[in-house]
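[1] Predicted model and sequence below, questions to follow.
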Amino acid sequence: MEKRDLKKDLIHLYNPPKRCELVQVPPLRFLMLDGHGNPNNSPAYHEAVETLYALAYTLKFAAKKSLELDYSVMPLEGLWWVPDMNQFSVEDKDAWDWTMMIMQPEWITAEMVQVACEDVRHKKNPPALERVRFEVYEEGLAAQIMYLGAYADEGPTIAMLHAFIAEQGYVRRGKHHEIYLGDPRRTAPEKLKTVIRQPAGVNQT
């Protein structure tokens with residue numbers, strides 16, 4: 001059975017260069033969970049991540065069995081924001097709202113997600129399971145860059161990405177987006193790879 005590597009299928013979105021670039025992000029489907037607060041010390045954040053991975057792997061094994069389609073589970077992604085995005089700062093993570101999510105391949109259906117939720121509920125019944133959504137997220141035009149290093153040191157790279165958006169004649173819109181390609185439990189902080197993305201648009205004022 002062939003195993004699809006979805007990151008390679010979408011290499012321009014999941015392995016960008018280490019320089020700022022503009023990209024058109026198509027509509028993609030995600031398992032999603034919302035929350036608030038600092039991810040470093042929020043129990044809700046860790047519950048969300050565990051629940052998303054439990055569902056993602058349940059769906060993977062279900063697709064392999066019923067559809068004979070095997071694929072690599074996609075990396076964890078996060079949307080981060082505050083009510084006024086002009087005040088968004090990596091220094092004040094306690095103020096952050098967030099949506100954690102894992103992209104799903106096109107053959108995963110809402111019915112499959114519902115069955116997977118029942119399976120996870122029967123086996124583990126994580127408290128965050130009731131809040132999982134399966135939705136299309138359409139980001140559209142965005143600027144992105146591959147960042148190498150500790151999460152706590154992203155600030156200058158984020159500022160550079162924001163400056164790039166302005167230099168290209170656009171304004172920031174939407175939510176700060178990160179894709180975590182490394183596992184902080186197994187990878188040294190300075191070697192962590194993260195896609196940092198920010199939607200961009202035309203100034204309407």
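    Done, it's in.

[2] what pLDDT, on average, does the longest helix along the chain get?
    If each helix of the chain is counted by residues according to DSSP state H, the longest one is helix 43-66. In this model, helix 43-66 has a mean pLDDT of 95.

[3] tell me how far that helix is from the chain's mean position?
    14 Å (Cα atoms, centre = their mean, to the nearest Å).

[4] Could you identify the helix or strand that succeeds it?
    strand 70-71 (DSSP states H and E).

[5] helices and strands around the helix or strand following that following strand, which ones?
    Moving toward the C-terminus from strand 70-71, the next helix or strand (DSSP H and E) is strand 76-81. Packing partners of strand 76-81 (3 or more Cβ pairs under 8 Å, 6 or more residues apart in numbering; DSSP states H and E): helix 43-66, strand 97-104, strand 176-180. Yep, even glycine has a C-beta here, placed from its N, CA and C like the rest.

[6] Show me which positions of the second one end up buried.
    Neighbour counts using 16 or more other Cβ atoms under 10 Å place 98-104 of strand 97-104 among the buried residues.

[7] contacts for whichever helix or strand comes after that strand?
    Moving toward the C-terminus from strand 97-104, the first helix or strand encountered (DSSP H and E) is helix 110-123. Outside helix 110-123, the residues within contact range by Cβ atoms under 8 Å, 6 or more residues apart in numbering are 31, 51, 54-55, 58-59, 62-63, 104, 126, 129, 132, 134.

[8] helices and strands around the longest helix of the chain, which ones?
    strand 28-36, strand 70-71, strand 76-81, strand 97-104, helix 110-123.

[9] and Glu91, which of these is closest to it?
    strand 76-81 (13.0 Å; Cβ to Cβ).

[10] Give the partner strands of that closest one in its sheet and their orientations.
    Partners of strand 76-81 in the sheet, by DSSP bridges, are strand 97-104 (antiparallel), strand 176-180 (antiparallel).

[11] I'd like these laid out as a markdown table, including distance to Ile196.
    What follows is those, written out as a markdown table (distance: least, Cβ to Cβ, whole Å):
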| stretch | distance to Ile196 |
| --- | --- |
| strand 97-104 | 15 |
| strand 176-180 | 6 |
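
[12] before we move on, back to that, who wins for proximity to Ala188 among the helices and strands packed on strand 76-81?
    strand 176-180 (14.6 Å).

[13] how far is that closest one from where the chain is centred?
    5 Å.

[14] how big is the angle separating that strand from helix 43-66?
    Put simply, strand 176-180 runs at 60 degrees to helix 43-66, going by axes from the mean of the first three to the mean of the last three Cα atoms, to 10 degrees.

[15] Please work out which residues outside strand 176-180 touch it.
    14, 75-81, 85, 88, 139, 142, 158, 192, 194-199.

[16] Report the buried members of these.
    14, 75-81, 88, 139, 142, 158, 192, 194-199.

[17] Tell me what the residue sitting nearest the centre point of the chain is bridged to.
    The centre of the chain sits closest to Glu77, judged by Cα atoms, centre = their mean, with a distance of 1.6 Å. Note on Glu77: beta-bridge partners by DSSP bridges are Met101, Ile179.
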